[in-house]
Every structure is written in C-alpha cells, then in structure tokens.
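# my questions are about this predicted structure, shown below with the sequence.
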There are 2 protein chains.
Amino acid sequence: MSFKQLFSSKRRPQVSCESCSLGRLCIPQGLSEHEVELVSRIVKTHRTLSKGDHLYHSGEWFHRFLALKSGTVKLVTVDGSGNEYIVDFVMPGELLGFDGLSGERYTCSAIALETVSYCELPPHQLERLGREIPKLSQILLQLSGSQFQLGIQRVILSRRQADERLAAFLAHLSERYRTRGFSPTEFRLSMTRQDIGNYLGLAPETVSRLVSQFEAAGLIQVQGKMVRILDLDGLLRFCPQ
Amino acid sequence: MSFKQLFSSKRRPQVSCESCSLGRLCIPQGLSEHEVELVSRIVKTHRTLSKGDHLYHSGEWFHRFLALKSGTVKLVTVDGSGNEYIVDFVMPGELLGFDGLSGERYTCSAIALETVSYCELPPHQLERLGREIPKLSQILLQLSGSQFQLGIQRVILSRRQADERLAAFLAHLSERYRTRGFSPTEFRLSMTRQDIGNYLGLAPETVSRLVSQFEAAGLIQVQGKMVRILDLDGLLRFCPQ
DNA sequence: CGGCCGCTTGATGAGTGTCAAGCGCCGTGG
DNA sequence: CCACGGCGCTTGACACTCATCAAGCGGCCG
C-alpha cells in the first residue's frame, strides 16, 4: 500500500453511503437512514484504478463485493483454450463479485475500461449485518436475482440477428446512462469494437459495419468512441420485445 | 383441490426433508439435523403434475420457490413477438423460481416435460427462517449465485460451433444423471429435439443432423429419445475447456 | 513526430437456418 | 385389437448471414 493510500484512508476511515449519489442504485435502496449508516461502517475505503487494471482476478478467492462508483468495468471469463468471453459491462451503482458467490473463487476477471473508483464490501460482514438487517439479505438476494435476469436477456439477445443485438446494446446503454443522470443521447463508448463484438457474439468487423450502417440510416452519429443517438425509437424498433 | 389431495395432505401434513434422498443436492446441504427440521416445517405438501402442465406461469406473482423431487422441467421465457426461449432444464434436487427473485413476478414459465413431483417453499417464510438460521440465507444466496454461473456457461457455449454445443449438452446431462445416481451412459431425453435446439440456439434440423453424425462417429447410440453414450471422452473432447 | 493499435471497408467462404418432403412412432378412437 | 391421424424426427437442397482473411486508414499515446 502506497503512502498516499495510507494517508487517504486515515483521513477517510469510512466511506459515507449516506452522501453517495448512487445510493438508490446501489445497496442502500430501501434501507432506513440508520441501516444505511450500519452498512456504511463496513464499507472499506474506496479505491481508484486506471484503465486496464484488474479489480479482481479470475481464480482469486472471493473476499469482497465491489460497488462501482465511477467508470466502467468489463467482466471477463476465460475458457480452457484461453478464449475470452465478456460476460457483462458494469456501470456506476452496480455491484461486482456475483461470479464468486457460488464457489470460493471468482470465475471472472473484472477489468477497468477507464479510470474507475469503487467501494469494497466484505461478504462475511455483509452476511453478519444481514442478521441484524433482514432487509439487507433480501436486497442482496434480489440483486443476485437481477444477475439471473441479465442472463435471460442475454439468451434472448443471442438468438437475434446481428443488427438487432447491436441496436439493443446501444439502447440499453442509453437507458443506463439516463438513469444515472447522464445524457441518454450522447455518450462515450468506453469499450472497443472488439469488446462489443465479444459481448454480443459478433466479429469486430461486423460491429464496425453495423455501426456504419446505422449511421447511414440516420439512427446514430458516430465519431470514434463518441455516439449520438438521433433516433432512439428507430433503434428500439430493431429490438426484441 | 381434489379430495385425493386433501386426503393426502392430511396424512402427510409436512414433507420430511430429513428422509428426502435429494437432501445433499437441495437446500439441506450443510445444515444441521435440527436446522433441516425447521426448514422441513415450512415446506408445503409436495405435489404432482403431468407432462405439459405449468408449475408456474410467466407474469404470475412470485410466491414460492419449488424444489423438484422427480421429473424434468423446462424454464421458458417469451419475448414481445411471442418467440419462446428455453432458459434452462431443471432436474431433481434443483430449485425453481429464481426468475421471480429480482422483481415481484416470475419472468419465465416452468413447464413439466414429464410427470413431476415437487415441494413448495414460501420465500417469506424462508426469509424469516433465514434470520434464525444464517446458514440458510447463505445457501440461498449461493444457489442464486450458481444460476449466475449457469448463465456464464451459456455465454461460453453460445459462442461455440453447433457440434460442440450439442456435445457439451449431452455431457452435462450425463454428469447430472450420474450425480443423481442414475446411469450416466444410458438415459432418456425428456425434451424434444426442438427443445434442445431452442436451448442451444440451433434449428431442430441441425440437432437431428448432429445426433446422426455423432452416432455415425460411434460416440453415441440413439433410438428415439433413448441415448446411450458410447464414448464420453470422445464427447468431452468436443467441449470447450 | 512516429509507431502501433484499433477501426473501417471489401471479397470470399463456411456454417447453419430455412424450406420441403417423407418416414415412423405413439396415442387415440372405433 | 387394429387402423388412422398427427406430430416429431430425419434427410436433402438451397440460401443467407456473418466470420474470416486482407489491406489501408487514422487517431492516440509515448
């Protein structure tokens, strides 16, 4: 641990969930003020990492949940042949670590796509606190259930045509930015075309072609990583459901 | 409720988890005898349904977990256009209802593929009991985490070639029958080729062709729904990882 | 300013979906 | 018990989507 980190943890011995703007997305949703304070006490100092850094590694012992405060993270798993599979992109207010829940170790690596900051939640203390705050166990179970829902959405998506997948991906991103108070029509893609392709089960070339195609159709406007959505309804018309 | 069911629930006011042969697969894993008894008390009379019956419907209120005792169930979700997507096949000892966890309603329908019997677990009582038995909350969270793992496995599978997918599917089935004390080399497929195709993201024709291909290669032997695995290692050589 | 990596666009082919037709098994009803 | 009907399964022919290979461009970071 660097001197700077020591210093910082001395000045900020605990993170305040009460003042965190992401409360309603993160764990505190539905907890009373007092309960949030109790949770706040077991949250470890929040850290910062740079693009490309690992928040945790696949195979490492599952020893913490992470609550993302800023930046974007990709969740990657690797098969025996070394092929990488992007399982999810994680945005501020969302929890990381569910891939460690079923066994003793993480099955994915969490990698920062840009500078990220996050809080740490030790599962054992969370569990212990859950006995005092039943609602907390419930929230945790519910969040875990949402991960299952995401899996179902992926199943549906993986059966659709390439253009529908990309449209749904962009619409989903837009929606997530909106709920976080950012512009839903203009944002930066923090992942590469290859990452998008990997996530959607498409070759990066296909993603590139479709982006150009959407642009030609007047649905979006693209300059490198910046995206402007011109016709969200048009995009949504592509999407399943 | 029929007279027969009334009668049966009188003779068997509660199901005994203690005597259930699936204990080590189901919830009781890792609980003490006394704890299992407490769980046993909130388990509702176990029911029986026939092929094609719904254990629960998509959109229905999430009011119970189900523990499958015998038979096979398919978990199906439907998109806005009416397309069906098989999310999972559930085997004895496994829990159903995780798709209701994140919201208030089930997002899938659970449909019996053959005669099934199952137990019912009210989530509220399970939750309440979780305060007395912390280990129970932990197990539930862990089981929910396993669902996430299954999702990851599906992601990996969906990126592989058709033959690898089918090989992995058969090998997985074999493994699951083995852990349940059935023959891992000879079993009946309780789902149609169409169901398998839907689950694997393949056309039923493709499944049929691959089955024939595997048979020609001497890996399996098939007669309608009955499968005999002749060369499990050969099948596993197809599988990712 | 230079090099590298990521992005774009084109040409081609493989894998698998789709359409079509025939078979056979199973359950039903006469 | 047998005949019939239907549905699920199999196999073939063809089309189409998308991956792959290849080459050139451009932006970002060192």
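Perfect, I can see it now.
# which residue packs closest to the residue nearest the centre of chain A, ignoring adjacent ones?
Centroid-nearest residue in chain A, with Cα atoms, centre = their mean: A:Val90, separated by 1.0 Å. Closest residue to A:Val90 apart from its sequence neighbours, by Cβ to Cβ, 6 or more residues apart in numbering or on different chains: A:Val73 at 4.3 Å. Heads up, the C-betas are built off the backbone N, CA and C, glycines and all.
# just confirm A:Ala203 contacts A:Gly197, I think it does.
Yes: contact between A:Ala203 and A:Gly197 holds when scored by Cβ atoms under 8 Å: they sit 5.6 Å apart.
# among these two, which residue is more densely surrounded?
For A:Ala203 versus A:Gly197, the count of surrounding residues by other Cβ atoms under 10 Å in any protein chain shown is larger for A:Gly197: 22 against 14.
# quick one: the strands in chain A?
Read by DSSP state E, chain A holds these strands, from start to end of the chain: A:44-49, A:54-56, A:65-70, A:73-78, A:84-90, A:95-96, A:109-112, A:116-121, A:186-188, A:220-223, A:226-229.
# so which of these is nearest A:Phe169?
Nearest to A:Phe169 among those is strand A:84-90; the distance by Cβ to Cβ comes to 9.2 Å.
# can you pull the buried residues of the helix ranked longest in chain A?
In chain A, assigned by DSSP state H, the helix with the most residues is helix A:134-158. Of the residues in helix A:134-158, A:136-141, A:143-158 count as buried by neighbour count, 16 or more other Cβ atoms under 10 Å in any protein chain shown.
# does chain B have contacts with that helix?
Yes: Helix A:134-158 comes into contact with chain B when judged by Cβ under 8 Å from any Cβ of the partner chain, the residues involved being A:134, A:137-138, A:140-152, A:154-156, A:158.
# let me see the mean pLDDT of that helix.
In this model, helix A:134-158 has a mean pLDDT of 93.
# can you check stretch A:79-95 too?
Here the average pLDDT along stretch A:79-95 is 93.
# then stretch A:180-194?
pLDDT averaged over stretch A:180-194 gives 95.
# quick one, domains of chain A?
Annotated domains of chain A cover A:3-156, A:160-238 [automatic domain parsing].
# how far away is the residue nearest to the centre of chain A from A:Ile229?
21 Å (Cβ to Cβ, to the nearest Å).
# same thing with A:Lys69?
Separation of A:Lys69 from A:Ile229 (Cβ to Cβ): 25 Å.
# equivalent analysis for A:Arg128, please.
Between A:Arg128 and A:Ile229 the distance is 45 Å, computed by Cβ to Cβ.
# the more surrounded of these two?
For the pair A:Arg128 and A:Ile229, the greater number of neighbours falls to A:Ile229 (21 against 12), based on other Cβ under 10 Å.
# what's the neighbour count on the nearest residue to that one once chain neighbours are set aside?
Excluding its sequence neighbours, the residue lying closest to A:Ile229 (Cβ to Cβ, 6+ apart) is A:Thr185, at 4.6 Å. Residues contacting A:Thr185 under the criterion other Cβ under 10 Å number 16.
# check contacts around A:Thr185.
Each residue near A:Thr185 by Cβ atoms under 8 Å, 6 or more residues apart in numbering or on different chains is listed here: A:174, A:228-230, A:232.
# now A:Leu173
A:Leu173 makes contact with A:187, A:189 under the criterion Cβ under 8 Å, 6+ apart.
# hang on, the earlier thing: right, so of the strands of chain A, which gets closest to DNA strand C?
Between DNA strand C and the strands of chain A, the shortest separation by Cβ to the nearest atom of the strand is 5.9 Å, and it involves strand A:220-223.
# just the buried residues of stretch A:94-103, please?
Buried residues in stretch A:94-103 (16+ other Cβ under 10 Å): A:94-102.
# can you give me the end-to-end span of that stretch?
When the termini of stretch A:94-103 are compared using Cα to Cα, to the nearest Å, they are 21 Å apart.
# centre of the chain versus that stretch, how much separation?
Between the mean C-alpha location of stretch A:94-103 and the chain-wide mean there is a distance of 12 Å, by Cα atoms, centre = their mean, to the nearest Å.
# how about that stretch, does it reach chain B?
Yes: among the residues of stretch A:94-103, A:98-103 lie within reach of chain B under Cβ under 8 Å from any Cβ.
# below-threshold pLDDT in chain A: ranges please.
Regions of chain A meeting the criterion pLDDT under 70 cover residues A:1-15, A:241.
# at 50 what do you get?
A:1-13 (pLDDT under 50).
# which residues of it lie near DNA strand D?
Counting by Cβ under 7 Å from any atom of the strand, chain A comes close to DNA strand D at A:161-163, A:201-203, A:205-206, A:224.
# now those as CSV including distance to chain B?
Output for the residues of chain A next to DNA strand D, formatted as CSV (distance: Cβ to the nearest Cβ, whole Å):
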residue, distance to chain B
A:Gln161, 12
A:Ala162, 14
A:Asp163, 16
A:Gly201, 6
A:Leu202, 10
A:Ala203, 11
A:Glu205, 16
A:Thr206, 14
A:Gly224, 27
